[in-house]
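# Could you look at this predicted model? Sequence included:
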Amino acid sequence: MTPEQVAAASKPVVLELGDAFTRCPATLRRARLLGISGWAFYVTGRAGALGDVRAETVAAALGFLAPDAVADGWDAALRTVRPVEVAAATLAECCRWGDEHLDALPGAGRLAALLGRAVEAADASGMPLFAAWRAMPVPERTAGARAAVGLRLLREHFAGAYLLAVRAGGMTPLEAVLAGPEGEAGAVACGWQPPYPPVGPLVRRRLWAEAVTDRLVSPAFAALGPADGAELVDLLFATRAHLAGRG
């Protein structure tokens, strides 16, 4: 497989599994322990790696979330806890989830190793959120924890690349969300308020942005080579199937 093919094949699985721990009830309980809402925990958990920055900076880095919704979550958390503490708690929950759900899977160690190599080789230019997350120390070192963190980091890398591609394609983040598979429901979930622009003319641009995203992410997978890249794709799909089978 070429690096672009590995990126295209792995992207949907990485986007799904890299965010799976955030939907775990135990992760949501951590928000309550910190004294903040689930939304504040999500926003600050993702962007807290940037440190004590303004909400406008957070909205620019996240891109696809409405700035007003970002400010609501970020400022609410800031009144109670430092952003870097929320990011550290998020990383700890990611490790816990990986230890519980991935560590016993066949090939967990190999998956963690391949993900780690891809993350290390990824080009972080123009992707401050990914760079900030990659610089954070991982608190647990089991294979499952390392795999979960690798998935999380690659998810941020894909998200950062897609944001760059969307802007290069002449779309706003809102337009990209509307042209995506969830349409207006996705826009609402990301905090955007109607009225919305028409979707029809945007679909072709979104498809172009998807292809550019694969190209931007491909250096991470070029470091693996064709054989290891194909193995990573197989391991990702096997992991998703195993987790789906467990319900």
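Yes, it's here.
# Quick one: name whatever helix or strand follows the lowest-mean-pLDDT helix or strand in the chain.
Across the helices and strands of the chain, the lowest-confidence element by mean pLDDT, DSSP states H and E is helix 25-34, at a mean of 92. Next helix or strand after helix 25-34 toward the C-terminus (DSSP states H and E): helix 38-47.
# contacting residues around that next one?
22, 28, 30-31, 34, 36, 53, 58, 61-62, 65, 69-70, 72-74, 76-78, 81, 83, 86-87, 89-90, 129, 156 (Cβ atoms under 8 Å, 6 or more residues apart in numbering). (Glycine included, C-beta is placed from N, CA and C.)
# ok, and for that helix, which residues are buried?
39-47 (16 or more other Cβ atoms under 10 Å).
# With stretch 165-178 instead?
165-166, 169, 171, 173-178.
# Can you list which of those residues are found in helices?
165-166, 173-178 (DSSP state H).
# So which of the buried residues of stretch 165-178 is the closest to residue 112?
residue 165 (27.9 Å; Cβ to Cβ).
# Spit out the contact partners of the nearest residue to residue 187 once chain neighbours are set aside.
Take residue 187 and drop its neighbours on the chain: the residue closest to it by Cβ to Cβ, 6 or more residues apart in numbering is residue 177, 5.0 Å away. Going by Cβ under 8 Å, 6+ apart, residue 177 touches 64, 186-187, 190, 192.
# Which member of those is positioned nearest residue 208?
residue 64 (17.1 Å).
# thinking again about what came up before, with pLDDT as added columns, please give the buried residues of stretch 165-178 in JSON lines.
Converted to JSON lines, the buried residues of stretch 165-178 look like this (pLDDT from 0 to 100):
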{"residue": "165", "pLDDT": "98"}
{"residue": "166", "pLDDT": "97"}
{"residue": "169", "pLDDT": "94"}
{"residue": "171", "pLDDT": "94"}
{"residue": "173", "pLDDT": "96"}
{"residue": "174", "pLDDT": "96"}
{"residue": "175", "pLDDT": "95"}
{"residue": "176", "pLDDT": "95"}
{"residue": "177", "pLDDT": "95"}
{"residue": "178", "pLDDT": "94"}
